[in-house]
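S.K.: Can you look at this prediction? I've put the sequence above it.
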Amino acid sequence: MKSIYILLLVVLIGFSQKRLSAQENQTTVQLKVKELIAKKAEYHRITGGESDGYRIKIHFGVDRNIASNIRGKFSSKYNDIKAYEDYQQPNFVVLVGDFKTKLEAFEVLKKIQGDFPSAFIVKSKVRV
């Protein structure tokens, strides 16, 4: 009977140590997650929320009005995809989308190529 009490005591002590260890691990993980969230927020603040990715160039030319018209035409037909008008000397450029991977950009390129046959994928800084 005495040995049963000793065995029970040993099991309870072992269980309580494991429980404390699990609580310490959980606290450590929570601190690391908070630290990673803070680092990511700092990274986005520094980069302006932009990272490397891909866009689709649907137009480039020297006439700003034509570029604006093409952007408007694109936006009215594909309102779920963001369009950007940029000036890259000496051309006005219309870029569309914010794609993290080239595969994502390629899928949209195939979708819009009927309306914009000269469109092609370019590397760019994209908004996350």
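M.R.: Structure received.
S.K.: any low-confidence regions in this structure?
M.R.: 1-5, 7-24, 128 (pLDDT under 70).
S.K.: mind listing the helices for it?
M.R.: In the chain, the helices defined using DSSP state H lie at 2-47, 64-77, 102-112.
S.K.: Can you show me the CA trace of the lengthiest strand in the chain as CSV?
M.R.: Secondary structure of the chain read by DSSP state E shows that its longest strand is strand 50-61. Taking Å, rounded to 0.1, in the frame of the first residue of the first chain, the C-alpha atoms of strand 50-61 are listed here in CSV:
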residue,chain,number,x,y,z
GLU,A,50,5.2,46.5,-51.5
SER,A,51,7.1,43.3,-52.4
ASP,A,52,8.5,41.6,-55.5
GLY,A,53,5.9,40.2,-57.8
TYR,A,54,4.4,40.4,-61.2
ARG,A,55,2.0,42.6,-63.2
ILE,A,56,0.7,42.5,-66.7
LYS,A,57,1.6,45.3,-69.1
ILE,A,58,-1.3,45.9,-71.4
HIS,A,59,-0.2,49.2,-73.0
PHE,A,60,2.8,51.5,-73.4
GLY,A,61,3.0,54.6,-75.6
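S.K.: from here on, count from 7
M.R.: Right, with 7 as the first residue, what we last looked at is strand 56-67.
S.K.: can you count the residues close to S82?
M.R.: 8 (other C-beta atoms under 10 Å). For glycine as for every other residue, the C-beta is placed from the backbone atoms N, C-alpha and C.
S.K.: and V99, what does it touch?
M.R.: If you count contacts by C-beta atoms under 8 Å, 6 or more residues apart in numbering, V99 has them with K63, H65, F66, A73, E91, D92, Y93.
S.K.: can I get those residues in CSV with neighbour count and distance to P123?
M.R.: Output for the contacts of V99, formatted as CSV (neighbours: other C-beta atoms under 10 Å; distance: C-beta to C-beta, whole Å):
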residue, neighbour count, distance to P123
K63, 18, 13
H65, 22, 11
F66, 16, 14
A73, 21, 17
E91, 15, 20
D92, 14, 21
Y93, 10, 24
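S.K.: Pull the most distant pair out of those.
M.R.: The two members of the contacts of V99 with the most space between them (C-beta to C-beta) are K63 and Y93, at 13.5 Å.
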